Every structure is written in C-alpha cells, then in structure tokens.
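Novice: got a predicted structure here, sequence first:
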2 protein chains.
Amino acid sequence: MSSVTQAQQPSPALFFDTMNDYQRTAALKGAIQLDVFTAIGEGNSAAPAIAKRCQTSERGMRILCDYLVIVGFLTKEGTSYRLTPDTAMFLDRRSPAYLGSAVTFLASPMLTDGFKDVAAIVRKGGEVMSEKGTMEPDHPIWVEFAHSMAPMMAMPAEVIAKTVGAAEGRKWKVLDIAAGHGLFGITVAKHNSNATIVAVDWGKVLEVAKENAQKAGVAARYQTIAGSAFEAEFGSGYDLVLLTNFLHHFDPATSEKLLRKVYAALGPGGRAVTLEFVPNEDRVSPPAAATFSLMMLGTTPSGDAYTFSEYDRMFHNAGFTRSELHAMGPFPAQIVISYK
Amino acid sequence: MSSVTQAQQPSPALFFDTMNDYQRTAALKGAIQLDVFTAIGEGNSAAPAIAKRCQTSERGMRILCDYLVIVGFLTKEGTSYRLTPDTAMFLDRRSPAYLGSAVTFLASPMLTDGFKDVAAIVRKGGEVMSEKGTMEPDHPIWVEFAHSMAPMMAMPAEVIAKTVGAAEGRKWKVLDIAAGHGLFGITVAKHNSNATIVAVDWGKVLEVAKENAQKAGVAARYQTIAGSAFEAEFGSGYDLVLLTNFLHHFDPATSEKLLRKVYAALGPGGRAVTLEFVPNEDRVSPPAAATFSLMMLGTTPSGDAYTFSEYDRMFHNAGFTRSELHAMGPFPAQIVISYK
C-alpha cells in the first residue's frame, strides 16, 4: 500500500533532504567538538544542563540535540536527551572505544575539499586538488590520519590478528605496508610475542607508529623503513604482509607492481592480508563499501573501491595462488587473504 | 531478531556514514550541474554513453552514477542506469516539474557557509556569518532565492491557492509579504481573475516577481511595495495576507510585531496564510520540518522552525481569533490559516 501511495504522489523530499545532508556531517562534527555526547553520558539530560556543561547557548544546544535525535545519535523523551547504545560506545569520550578523534581526519579540509566541485572530478576522472592529491610524497594528511584514525582501526586490527591466527605464537616476520598509526602490525605483535614487525610509511608518519609501538610494549620487536612502498627495499622471508587501507589509492596496474614486490618479499606459504572497502560485484552494495569509490575519485588520481574479483585478479597477476574474502562483522570493511 | 543482533554488536557505521554525508550533497549538486539525470532520461543508460553526453570521463561518470544509485536517485541493472520516478519528475530538465535550479540557492555558499562551524553557532545561539546573517537588508541571497526556488514552490503555491478557495473568484485584495519570486501571489491571481496582488520585498527581489507576474499574464493586477516588511506601509482592507517561508527567520516577539501589522491590514473576516516547516510538538518529527530548525540556527540571528502551538500563540497574541494547521501532501511543509 505504502509503495503504491508513493508511486502515485511524486515527492521532491529526497532531493530536498540530500541538498541539506551536508548539515548532518557539520552537526556531528560540531557535537563532537563541543563534547555533547560525553556531557549527556555524564547525566546531563535537558538542553539547559547540557548547554551549561558544554559552555554554549541553551537555544543552540536545544536545536543541535533535536537535530542529533533526528539523524539517529540521540533519543528524546519529553525534554530529556539520552545516548543511543552506539553513541555511548563510540562517541562518549569516557568510553574505551571512543572514536571522536577520527573527526579530525574525516572532516579535514585536505579530504573534504576534494568534493567541493564533484562536476570537475567527474569530468577529469580523478581528484583536482593537486597533481597527485593525497598521493603526493609525504602529504601531511597521513600524519593526521595516523594520529586521529587509530581508535577507529582498533576493532579491525583485532579482527585481523585473530583471523590470521596470531595467537598461535609462531615465529613470524611481518611487513606492515603504509603502516600509518601502526596499529595493525602492533596488534599482531601483541597477540604473538614471537612476531617481529617491519613498518613502512613516510618518515613523519612512522614517528606516530613508533610511539604507539612503545606504548603497546612491542618497541623491541618493531622496525621501520621510511619512504614510498613502491621504492623501499622490503627484504625477504616474510610470513605476513599487511596491506591495510592502501591499495584503494591506485589503479590496478600500479597495485600489481607493488603486489609483485610483496610476492617476492614473502617466504614460502606466506600470506598478504588486505583490509579494504570491498563492494559487491554490482558496485552499489553494501553502501559503506560502495560509496568509498567516490572518496577515491575525489582524493586520488586513479584510486577506487575494488570488488573481490578485481582484487583476486590483481593478486593472481602478481603471482599469488589464491585469495579469500573475509567479512568483518559490524565494521564496514572486508579482509582479503592472498596466499603465495 | 535484527534489532537484537544490532543491540549485541555495537557499530560505528552511523558515525562513519554521517561523517561522509556531505558527499551526498556534493554528488547531487555535481550530477545536476553535469545534467546527468537529463542524459539518462534521454535514453543514455550505460556509463560510457552518459559520460559522452555530459562530456566527462567514463571512470568519473561510472563512480558518480553508482553513488547516485546508492543514495536513491537512480536504479541499476547490470551496467544500465535508470531514473527513479521521482528523479524523472524533478531532476530531468525536460520535465515541467524540474527542480534542479533550486541547487543554486540550496548549495549557495551564502547558505552553506553558515554550517562551516556548527560548534560556533551552537555556542552563540545564532548565525556567525555577520551581524544579521541572511536577515541583512537587501541581502543578495534573496535575489538568488527568487530566481532559483520558484520551481520548487510551484506545487505548494497551487495547494495554497486551492486551500484558500481562490477559484471561487471573489473580489480579493491580497498582500504577499516577502514575495520573493512572487509565485504564491501570482498563483492566487491566476486562480482568481478578480484578485489584486500587492507584493512586498526588497527592491531587487521584486524585479524577479514582477517579471514572473508579467510571464503569468497577471501584471495588470500586480502591485509592489519595496522595502522591509517591518517598515513598509501595507495599506488596509486586505482579504488575504500571504506569509510564506518568512516567519521562521525571526524570534516570536519580532514575528508578533509583524503579525499585529498584518492584523491591522486585514479587512473583517480576512485571513493570514502562513507556509512553514512546522515540526510536531516533540520538535524531532517529521524530519524535513524538524531539521529546518538547524537551518535557521546557522543562517539567522534568532529564527527557528516553530511548532503549531507556537504559531497559534503568536497569532493569538497579535489579535487573531483562531488558527488552523493544514498538511500539504508530499511537500515537506504545512499551511497555517489564521482568521481575523
């Protein structure tokens, strides 16, 4: 019935809503900056109390909180606001799973400016910010990424360490390509005290990774190689190569070039572990993975969200025997494990 | 079952999606600028053909079209894209109901810049762009509004003309306050050949309204008063006063001041007709009306999306006998009719 009614009454609602969707991002960013979710988590439930705690106007806080109810981050009963379970877990600063710091990267103008003129990036078929976009050597966005995205990657890093069987404790040499915050290699090292990690990234980014390795107590088993993954000397005999959030930045031919280097660096029976947004073959589902394609169009010259069959082909062309796709539960990414 | 599963697995998906929602607005704006929907409506269904028609890269067009499928503007079967019924109606340039020009207003930096720093507008409790935001005298955004939002208002203008019984053809004197494109008064004049319209707005905006009155063949019954609605001499004996998309810009006390002027200008039995986004008393539903509150926080010093009980009180305080709320079908706004 409802779909019949909709078919009979054409509506501009989606157009109108979508034209204002930028305010969703802006409101969430503002709420995190003001620490609204922590204030509510602490027990401030009415707008005047939340406003006082966050040092804002009451009127502004009432309007912001109502908006956050509408877009799904809060609930409202009478004039009382409450956190949803997901908000309490990820956006209350007192939660160990707090993700709010990721805003610094996700809302960074270095990223968001890539979408100021979508017509231009579609015309060109790649980013229009600079010659190589975020792929410029030593682009400062990756230091920002390393600092602010680590909490967001804690869950997938745990899933990867479990999926590859790190806890079995075998003597491993692990190469972590484009290590960023270093969390993926560090988590493997925490699960497996017989693992040594070699992290590759831009020099300034590796400073962040080394600091995190120190904090995690694995610094003694943590080595680094500064520079481009395409030019660095990896060495050989690796049991595991981690390729997390990296291949999406390049076209398939460029990735294959790197994958051949990875293949050569792996010892017999070694595995490459790729963490990626992998859309289904229809390229329009699931939404979180499939929309990532536009993120790459706006920020890289020729990156994309590749399907599993595309990754399978790249790894196959680079010499790998076979690849497997693993889901990651609630985290909107997938793991591809490829065998030498 | 599904909600139990969700409760057991906390997910950062909404946080991540919302942080990227600005790309929805950007992609839709880009698609309209490139005329993608018209290209598909004309029968170009695969990315290479659409790209050729819109003079873009194939890769960029494929990524954009996939994104437009995900956010609901297109459907995809194999590699063929099709318009949804709503998209065909409102975003194909060849449709008489084409709304694409509204992008110029809705995506105008004069509007969107108001949300660059939501933390700041919440702290202050109002816009931070300038002293009065879009409420500055002769602010150029209202000429933009008059030019680009007319198509979007065609449907509500028809509903208003019908709701007030314009077709009965009684001799009417109609005051159209903040007339903008003029469409509301003009549509009443088209339905009722015995109606005379007096339109009030900034001088440059009235040029647009007069042009539209000319096109609609009602120029002979169309008069204008240039200036602020708060200062203009309205005259008296009006049968109808139109207050469309206007009261939300002000605080209740300011609106009541205007409504007392409106009351005085109406003849016996006269009616004020208010078109507004009117949220329910909970202020968080329906979404399109309730989110408008944030739009006012970001662009005005003290405007809001008022509930019906708030409008009822403002009109009552200004002397009106009673007010009624009328729904508008698929258009996300409501009509309040208030009787002298």
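Specialist: Thanks, I have it.
Novice: distance of A:L294 from A:L240?
Specialist: For A:L294, the distance to A:L240 equals 31 Å [C-beta to C-beta, to the nearest Å]. Bear in mind the C-beta positions are built from the backbone N, C-alpha and C, glycine included.
Novice: so for the two, which sits in the more crowded spot?
Specialist: A:L294 (30 against 25; other C-beta atoms under 10 Å in any protein chain shown).
Novice: need the three-state assignment for the more buried one.
Specialist: helix (DSSP: H, G, I helix; E, B strand; the rest coil).
Novice: next helix or strand past the top strand by length along chain A?
Specialist: Criterion DSSP state E: the longest strand present in chain A is strand A:266-276. Remark: after strand A:266-276, the chain's next helix or strand is helix A:287-290, criterion DSSP states H and E.
Novice: can that next one be found next to chain B?
Specialist: Yes: against chain B, helix A:287-290 shows contacts by C-beta under 8 Å from any C-beta of the partner chain at A:287-288, A:290.
Novice: now those residues in CSV, with pLDDT, neighbour count and distance to A:L83?
Specialist: Shown next, in CSV, are the residues of helix A:287-290 next to chain B (pLDDT from 0 to 100; neighbours: other C-beta atoms under 10 Å in any protein chain shown; distance: C-beta to C-beta, whole Å):
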residue, pLDDT, neighbour count, distance to A:L83
A:P287, 92, 16, 24
A:A288, 89, 18, 22
A:A290, 95, 23, 29
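Novice: of all those residues, which comes closest to A:P48?
Specialist: A:P48 lies nearest to A:A288 out of the residues of helix A:287-290 next to chain B, by C-beta to C-beta, at 36.5 Å.
Novice: excluding its backbone neighbours, what's nearest that closest one?
Specialist: The shortest distance from A:A288 to any non-neighbouring residue, by C-beta to C-beta, 6 or more residues apart in numbering or on different chains, is to A:P332 (3.3 Å).
Novice: and the one you found, which of the three is it?
Specialist: Under three-state DSSP, A:P332 comes out as coil.
Novice: burial of it, as a residue count?
Specialist: Look at A:P332: counted by other C-beta under 10 Å, it has 19 neighbours.
Novice: wait, isn't it in contact with B:A13?
Specialist: Yes: counting by C-beta atoms under 8 Å, B:A13 is a contact partner of A:P332 at 5.7 Å.
Novice: common neighbours of the two, please.
Specialist: A:A288 (C-beta atoms under 8 Å, 6 or more residues apart in numbering or on different chains).
Novice: A:K76 is in contact with A:V69, correct?
Specialist: Yes: contact criterion C-beta under 8 Å: A:V69 and A:K76 qualify, at 4.6 Å.
Novice: A:H316 should be in a helix, yeah?
Specialist: Yes: A:H316: assigned to a helix according to three-state DSSP.
Novice: find the nearest non-adjacent residue to it, please.
Specialist: Closest to A:H316 by C-beta to C-beta, 6+ apart is A:S323, at 7.5 Å.
Novice: partners of the host helix or strand of that neighbour, with directions?
Specialist: Per DSSP H and E: A:S323 is located in strand A:322-327. Strand A:322-327 has its sheet partners listed here by DSSP bridges as strand A:334-339 (antiparallel).
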